[in-house]
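Asks: sequence first, then the predicted structure, then my questions.
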Amino acid sequence: MIRYNVLRMKLHQLRYIREVARQNLNVSLAAEVLHTSQPGVSKQIQLLEQELGLQIFHRSGKRLTSITEPGRVILAMAERMLREVENIKRVGEDYTRENEGTLTIATTHTQARYRLPPAVKAFIERYPNVRLSIHQGSPTHVADLVETGEADVGIATESIAERETLAALPCYTWNRCVVTPLDHPLLRDVPLTLEKIARYPIVTYDLGFTGSTSVKRMFESHGLRPNIVLTAIDSDVIKTYVELGLGIGLLANMAFNAERDINLARLDASHLFPDSTTYVAVRRDAYLRSYVYEFIRLIAPHLDRQSIDAAL
């Protein structure tokens, strides 16, 4: 019994130092996330440091200012240990509560709004006792959430496939379209070219979102400097400002719905830009619950359990 209590205390302390590091050394925020008190977090960190005989954090008075060199080594090891503890819990849950649990998805607005709904609906119908959460952000933020374990699955384009800690599998490819007000002269000036697009003010995604880097390169390769007057992370925001007459919109084909976007016209631009690939990513060292495999299959039917395990 004594040994068990000591082990529990150690894991508790490791969770505390990890969360403090995640919250940029803000002990108050870490305590809120951990649902405990600030003095309790500080005390446990001090006890751990006393037992180790070294400092994990530099201090200025009572304030933590930076992570020490041995602290960085300890935090990396703590991260691995806590992930393995979480994996052990998931194995147990997979065999005792097969159809219950939580699933956290991190993705961009465009994917969440226009591509994921059918898969989410099918998943909830099949697993009504699994609590599903969706967090939206930039591809970089999506990758960060999966990398830290705050999300089980990440779905995004471009940068998410560049993380060594993540296994990124291609889901599907997509391209772009230009949207304009119904009376815009570009609708009569066919065929559509990069030069014609560059003549008008453009409203499009922030750089780093949904393949924006490859779009920028295409304009540059033709010696063009597009007049981008507004950028946004949300396809619906882009369409709203196009309706207001701020410019023409350059966005993902999937984000245009003829039945809903009745005040806009669409011109296909897939012949002007290279296809972009959306990836689904998971941590390489994560144990995936059975329903996670099923969710991935619903997004990309070609990704069965065998191919996912091979990537891991």
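Replies: Structure received.
Asks: correct me if wrong: Glu158 contacts Thr213.
Replies: Yes - taking Cβ atoms under 8 Å as the definition, Glu158 is a contact partner of Thr213 at 6.5 Å. Heads up, the C-betas are built off the backbone N, CA and C, glycines and all.
Asks: tell me how many other residues surround Ile197.
Replies: Counted with other Cβ atoms under 10 Å, residues neighbouring Ile197 total 20.
Asks: hmm, back to that, the more surrounded of Glu158 and Thr213?
Replies: Using other Cβ under 10 Å, the more surrounded residue of Glu158 and Thr213 is Glu158, with 20 against 14.
Asks: so that one versus Ala112, what's the distance?
Replies: The gap separating Glu158 from Ala112 is 16 Å, by Cβ to Cβ, to the nearest Å.
Asks: what does Ala143 give?
Replies: Separation of Ala143 from Ala112 (Cβ to Cβ) stands at 16 Å.
Asks: which one's more surrounded, those two?
Replies: Neighbours were counted for Ala143 and for Ala112 using other Cβ under 10 Å; Ala143 has more, 26 against 17.
Asks: now do the same contact list for the more buried one.
Replies: Contact analysis of Ala143 by Cβ atoms under 8 Å, 6 or more residues apart in numbering lists Gly154, Ala156, Ser159, Ile160, Glu162, Arg163, Leu166, Ala281.
Asks: if you set the cut-off to 6 Å instead, what comes out?
Replies: Ile160, Arg163 (Cβ atoms under 6 Å, 6 or more residues apart in numbering).
Asks: how about Cys171, secondary structure?
Replies: strand (DSSP: H, G, I helix; E, B strand; the rest coil).
Asks: I figured it hits Thr278, correct?
Replies: Yes - taking contacts as Cβ atoms under 6 Å, Cys171 lies within contact range of Thr278: 4.8 Å.
Asks: neighbour-wise, which of these two wins?
Replies: Shown here are Cys171 and Thr278; by other Cβ under 10 Å, Thr278 has more neighbours (27 against 22).
Asks: hey, what's that one bridged with?
Replies: Thr157, Tyr172 (DSSP bridges).
Asks: hey, where'd the strands end up in the stretch 51-200 of the chain?
Replies: 57-60, 63-67, 101-107, 130-136, 153-157, 166-174, 176-181 (DSSP state E, counting those that start in this stretch).
Asks: quick one: contacts of the fourth one?
Replies: The set of residues external to strand 130-136 that reach it, using Cβ under 6 Å, 6+ apart, is Gly101, Thr102, Leu103, Thr104, Ile105, Ala106, His109, Ala112, Tyr291.
Asks: how about TSV for these, with distance to Glu69 and pLDDT added?
Replies: Below are the contacts of strand 130-136 laid out as TSV (distance: Cβ to Cβ, whole Å; pLDDT from 0 to 100):
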residue	distance to Glu69	pLDDT
Gly101	38	89
Thr102	36	91
Leu103	37	94
Thr104	33	95
Ile105	36	97
Ala106	31	96
His109	40	91
Ala112	40	93
Tyr291	41	92
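Asks: on that earlier part again, please name whichever of the strands of the stretch 51-200 of the chain is nearest to Leu48.
Replies: Nearest to Leu48 among those is strand 57-60; the distance by Cβ to Cβ comes to 10.5 Å.
Asks: show me the shaky parts of the stretch 201-312 of the chain.
Replies: By pLDDT under 70, the low-scoring segments of the stretch 201-312 of the chain are 208-212.
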